[in-house]
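> Quick one: sequence plus predicted model below, questions after.
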Amino acid sequence: MDLPEREPNGLRVLDLCCCSGGASMGYWRAGYDVTGVDITPRPRYPFPFIQADAIEYVRAHGHEYDLLHASWPCQFGAAITKGTNAHLRDTYPDLLPPGREAMLAAGQPYVIENPEARKDVELCAAQFGLPTIRHRRFEVHGWTPMGLPHAPHRGYVRGWRHGVYRDGPYYAVYGKGGGKATIPEMQEALGITWTDVHEELTEAIPPVFTQFLGEQAADQLLAAAA
């Protein structure tokens with residue numbers, strides 16, 4: 001794919017558990033050179049990719065990058081696993097504590113996205129004008145993030161809830177059926193065009209999130225190095 005034009009900032013970011021590259025694209029747009037790591041092959045990932053165990057890789061190579069990002073798998077701490085699928089919780093590994101420890105040991109600034117992470121900043125897709133309500137919690141280390149005011153949502157998420165169908169300005173970017181978003185609608189809602197794999201879109205971070213955070217981090221890292 002043709003990558004969007006941007007102004008390079010000379011920094012390198014390592015995106016751990018990168019999946020299809022939603023977070024990576026945001027960092028690219030913010031000016032970073034990006035490398036992704038995932039234990040699963042990701043043929044649609046648009047940047048240099050390393051198939052490896054993310055914790056092992058960051059332990060060995062994290063010090064080589066200017067900023068570390070990790071979206072440690074969230075099934076262990078996700079709301080649905082605590083509620084509807086609580087009986088499955090023990091089948092998912094909790095990678096957040098060992099992942100955080102490995103990132104700290106690398107000695108570089110980091111960003112962690114995970115529902116159980118420390119909430120240094122929380123972003124919602126609707127804050128950026130995207131037609132979905134997707135909240136993500138971020139923990140940071142080695143720099144200070146700025147958040148955004150969270151305006152009230154403007155209506156319903158389209159689809160069936162408890163036997164009632166409601167129309168609304170937001171797409172449900174998860175699951176299938178029941179009025180949930182189609183693949184083109186998911187791509188529109190997230191600002192992601194380079195993958196049409198449902199599972200990858202369901203898990204993706206909108207690139208606007210990490211562009212917003214990455215620009216702030218770059219300003220602070222470059223100022224500290226000056």
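Structure's in. What do you need? What you see is a predicted model, and the numbers here were worked out from it, not measured in a lab.

> Which parts of this structure are strands?
Under the criterion DSSP state E, the chain carries strands at the ranges 12-16, 33-38, 49-51, 67-70, 110-113, 121-124, 135-141, 159-161, 164-166.

> With distance to V208 and mean neighbour count added, can I get those in a markdown table?
From N, CA and C alone the C-beta is placed, and that goes for glycine too. Shown next, in a markdown table, are the strands of the chain (distance: least, CB to CB, whole Å; neighbours: other CB atoms under 10 Å):
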| stretch | distance to V208 | mean neighbour count |
| --- | --- | --- |
| strand 12-16 | 16 | 27 |
| strand 33-38 | 16 | 23 |
| strand 49-51 | 22 | 16 |
| strand 67-70 | 15 | 28 |
| strand 110-113 | 13 | 25 |
| strand 121-124 | 8 | 19 |
| strand 135-141 | 11 | 18 |
| strand 159-161 | 23 | 15 |
| strand 164-166 | 26 | 10 |
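
> how about these, which one is nearest E185?
For the strands of the chain, the distance to E185 is smallest for strand 159-161, at 11.3 Å, taking CB to CB.

> Paired strands for the closest one, with orientation please.
strand 164-166 (antiparallel) (DSSP bridges).

> Pull out the buried positions in the helix ranked longest in the chain.
Counting residues, the longest helix found in the chain (DSSP state H) is helix 207-225. Within helix 207-225, the residues scored as buried using 16 or more other CB atoms under 10 Å are 207-218, 221.

> what does stretch 98-115 give?
99-100, 102-103, 106, 108-115.

> which residues touch that stretch?
16, 23, 54-55, 58-59, 62-63, 65-72, 74, 77-79, 96, 136-143, 205, 210, 213, 217, 221 (CB atoms under 8 Å, 6 or more residues apart in numbering).

> could you redo the last one with a cut-off of 6 Å?
Residues outside stretch 98-115 that contact it (CB atoms under 6 Å, 6 or more residues apart in numbering) are 55, 58-59, 62-63, 67-72, 74, 77-78, 96, 136-143.
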